[in-house]
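K.L.:
I need the structure of the sequence given here:
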Amino acid sequence: MPKVIIAAGSPTVNQKWVEAFATLNPHWTVYAWQEDQAVSSADYAVVWQPSAQLFQQQTALKAVFNLGAGVDALNLDIFPTQLPIYRLEDAGMAHQMAEYAVYGVLQATKRFAVYEQQRVAKQWKKTAPVYRDEYPIGVMGMGVIGQQVVKALTALGYPLHVWTRTARDVEGLNTYHGPAQWDSFLQHSRILINVLPLTNETRGILNAQAFAQLLPDAYLINMARGAHIVDDDLLQAIETGQLSGALLDAFTIEPLPESHPFWQQPAIQITPHISGMTIIPETVRQLSKKLNDLEQSLPVTGLVKRELGY
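P.N.:
This is a model prediction of the structure:
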């Protein structure tokens, strides 16, 4: 039976995950890693931002499972070169992020904001409906999360455009790929939703040049990573009116410092990285299946391609 070591944070956090994995898999040996204590050799590790010392001690690992969909927070240099790393692909996050995207679209179109203002003023007045054709949406990324976002927005009837690193032919969607089609994708987008992984190629991709290509009165929804955005360029785009506003859930420094100018910009709505929160039972079920499949030499999805950074 597999031996699984948990290195997910503090002793309290580790114990929480140990109990969740052990409850679902009573035949496994599951224990927490502690930096100052020697522990027996494990077959698999479940980690979040692990220490290099873990891999110095645990030399018999067959694979590592990351407690997140993104791996940009991992220092891949400390992982043994041949050690496979698997990431979460959903675990309940995709539906949450689709809901967040829908909320952002409603913010962008001001579908209900005017009625809240009227409630305060005790006014009963109907406003014009939202014409969806006036709000074409561009989605950056088409992984598991991006697919769920597209599915939710398609059901609402908005024109959709999708940009990916490599070509993706999806029936019923306007698809773009690679640097050569980046500008064209932006020029067809008024609401821009980012769910890309953070890599060397995507760091700073949301910058002044990108914002200038968007349709007038554009709106940004960022559910990916803060480092995708050049903060000063976003503020400038809002101040000049190129962008009407932004809904931001991720930031280069978290928690967002009180001195950051995003707090003072009323057109920017801030949430504390909650668009796709980890749901422990679903995460444990998904990673347990991946581990069991590996044990049976079955194909396992979610393998991190180190050369791509995701």
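K.L.:
switch to C-alpha atoms for all contacts and neighbour counts from now on
P.N.:
Will do.
K.L.:
what does the domain assignment say about this protein?
P.N.:
3-91+278-295, 93-270 (automatic domain parsing).
K.L.:
For my notes, please list the ones you listed in a markdown table and give distance to G302, mean pLDDT and mean neighbour count for each entry.
P.N.:
Compiled in a markdown table, those are given as follows (distance: least, CA to CA, whole Å; pLDDT from 0 to 100; neighbours: other CA atoms under 10 Å):
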| stretch | distance to G302 | mean pLDDT | mean neighbour count |
| --- | --- | --- | --- |
| domain 3-91+278-295 | 5 | 93 | 17 |
| domain 93-270 | 10 | 96 | 17 |
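K.L.:
Please determine how far L156 is located from P80.
P.N.:
L156 sits 46 Å away from P80, taking CA to CA, to the nearest Å as the criterion.
K.L.:
before we move on, back to that, tell me which of the domains of the chain approaches G309 most closely.
P.N.:
Of all those, domain 93-270 sits nearest to G309, with 5.6 Å by CA to CA.
K.L.:
Report how far apart the opening and closing residues of that closest one are.
P.N.:
19 Å.
K.L.:
picking that back up, and L303, which of the domains of the chain is closest to it?
P.N.:
Closest to L303 of those is domain 3-91+278-295 (CA to CA; 4.5 Å).
K.L.:
Give me the distance between the helix or strand harbouring A98 and the centre of its chain.
P.N.:
Secondary structure here is read from DSSP states H and E; on that basis A98 sits in helix 93-109. Using CA atoms, centre = their mean, to the nearest Å, the distance from the centre of helix 93-109 to the centre of the chain it belongs to is 13 Å.
K.L.:
got the CA positions of the helix or strand following it in CSV?
P.N.:
On the C-terminal side of helix 93-109, the nearest following helix or strand under DSSP H and E is helix 113-121. Extracted in CSV, the C-alpha atoms of helix 113-121 (Å, rounded to 0.1, in the frame of the first residue of the first chain):
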residue,chain,number,x,y,z
ALA,A,113,-25.4,48.6,-10.5
VAL,A,114,-27.9,51.3,-11.6
TYR,A,115,-30.7,49.6,-9.6
GLU,A,116,-28.6,49.6,-6.4
GLN,A,117,-28.1,53.3,-6.9
GLN,A,118,-31.9,53.7,-7.5
ARG,A,119,-32.7,51.7,-4.4
VAL,A,120,-30.7,54.1,-2.3
ALA,A,121,-32.5,57.0,-3.9
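K.L.:
Could you point out the helix or strand that follows helix 113-121?
P.N.:
From helix 113-121, the next helix or strand downstream (DSSP H and E) is strand 137-140.
K.L.:
Sheet partners, orientation included, of that next one?
P.N.:
The pairing partners recorded for strand 137-140 under DSSP bridges are strand 160-164 (parallel), strand 191-194 (parallel).
K.L.:
which residues are in contact with the last one?
P.N.:
In this case it means strand 191-194. Surrounding strand 191-194, the residues in contact under the criterion CA atoms under 8 Å, 6 or more residues apart in numbering are 101, 105, 108, 135-141, 218-224.
K.L.:
what element comes up after it heading to the C-terminus?
P.N.:
Elements were assigned by DSSP H and E; along the chain past strand 191-194, the next helix or strand is helix 208-213.
K.L.:
Would you mind pulling up the elements that that following helix packs against?
P.N.:
Using 3 or more CA pairs under 8 Å, 6 or more residues apart in numbering; DSSP states H and E as the contact criterion, the neighbours of helix 208-213 among helices and strands are helix 182-187, helix 231-239.
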